[in-house]
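Student: Following is a predicted model, sequence given first.
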Amino acid sequence: MRKIFFFLFLVLIFGGFITSVFLLPGKDFRFKHKGELISFFKPRPTEREINLIAVGDIMLSRNVDKKMEEHKDYRYPFFKTAQFLKLADITFGNLECPIIAGRDIQTGQMIFRADPQAVEGLKYAGFDVLSLANNHFPNFGEKGIKDTFLYLSEAKISYIGAGNNEEEAHRPKVFEIKGIKIAFLAYNDSDVVPLSYEAIKDHPGTAFMKKGKMQEDVKKTKVISDYLIVSMHSGTEYAKAPNQRQINFAHEAIDAGADLVIGHHPHVIQGAEEYKGKYIIYSLGNFVFDQMWSKATREGLVTKIKIKFKEGENPKIETKFYKVLIEDFSQPRILGEYTL
């Protein structure tokens, strides 16, 4: 019996000691080690994920426009893909035409124009940001450029790579999602467009692929973002491999601080590359287009990129590609996963 009382006495004494050490107000009871406080319980760094979906060239003119009119629905090109595109936090593509009211564009013509009602399809598909830095966006001059800005803004769809002047064209779009800032910049290759398509001080147009200016843009944007995506409109049409100009620009963008480079313009799928731990996709091919004359131009890629952020670590990405097949001169259908 005495042993039991003695044991209970020790328990009470020890309990009182613990209470006095850990529960008294105004005390910090973490142990000190080499002048620093060490906590017993360190919170695990939280991981946050952002899902990005990117598609290839979107052209809402010529036969695509005719199909939308025929089906009496401007959402028609996206009926088989919209549900998938909406899964992303950010959905991105290259809009290969201005949005402006006007005359029909005939098959075979190399200028494009989307009817203002076609914006309904872009909204339906869930696009958040579109590159306008391409060789067809300025096809209808200053009015086409400014009308496009107006229609996209009214639809709450952001755009990059074009502006009323040079400063606007080189301005990034930054999204903040889950406390993470994702930025986009876009550039147009002067080798594939007239010089008049460049945005300058008092002239609307697109942001040109100039190494020095691009590097300046990237470095400034990195200061205000956690992850930076650069879009380039460059390459040789219908070539299945990138040319040296594409490769050089993509490498220079990453050297300057870009995290991911996505390419458009060749109208066919090109390869991808890992450079200095960063990813380059040289061409996603077509997404909505009427080039039904070859298998290569009817096919394109949709890429789904999961970007993982953990405090104190560099962002990590998981990339999946899905091949699409364009049908009825206008409508992509997802065929399944694809290894690039």
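Tutor: Yep, that arrived.

Student: Show the contacting residues for residue 190.
Tutor: Counting by C-beta atoms under 8 Å, 6 or more residues apart in numbering, residue 190 makes contact with 198, 208, 209, 210. (Glycine included, C-beta is placed from N, CA and C.)

Student: Help me confirm that it is found in a helix?
Tutor: No. Looking at residue 190 with DSSP: H, G, I helix; E, B strand; the rest coil, it is coil, so not inside a helix.

Student: how close does it sit to residue 233?
Tutor: In this view, residue 190 and residue 233 are 10 Å apart by C-beta to C-beta, to the nearest Å.

Student: Which one of the contacts of residue 190 is nearest to residue 261?
Tutor: residue 209 (11.6 Å; C-beta to C-beta).

Student: Which residue, other than its chain neighbours, is closest to that closest one?
Tutor: residue 187 (4.4 Å; C-beta to C-beta, 6 or more residues apart in numbering).

Student: which residues touch the one you found?
Tutor: 133, 161, 206-209, 214, 230-234, 249.

Student: nearest to residue 270, of the residues you listed?
Tutor: Distance to residue 270 across these (C-beta to C-beta) is lowest for residue 234, with 10.7 Å.

Student: Around residue 260, how many other residues sit close by?
Tutor: Using other C-beta atoms under 10 Å, residue 260 has 26 neighbouring residues.

Student: List the residues that contact it.
Tutor: Contacts of residue 260 (C-beta under 8 Å, 6+ apart): 227, 228, 229, 230, 278, 279, 280, 281, 305, 317.

Student: beta partners of it?
Tutor: Here residue 260 sits in beta bridges with residue 229, residue 279, going by DSSP bridges.

Student: Backbone dihedrals for residue 295, please?
Tutor: Backbone geometry at residue 295, expressed as degrees, to the nearest 10, gives phi -60, psi -40.

Student: what sits against the closest residue to residue 127 other than its chain neighbours?
Tutor: For residue 127, ignoring the flanking residues on the chain, the nearest one in space by C-beta to C-beta, 6+ apart is residue 91 at 5.2 Å. Residues counted as contacts of residue 91 (C-beta under 8 Å, 6+ apart) are 52, 53, 54, 55, 85, 125, 126, 127, 128, 129.
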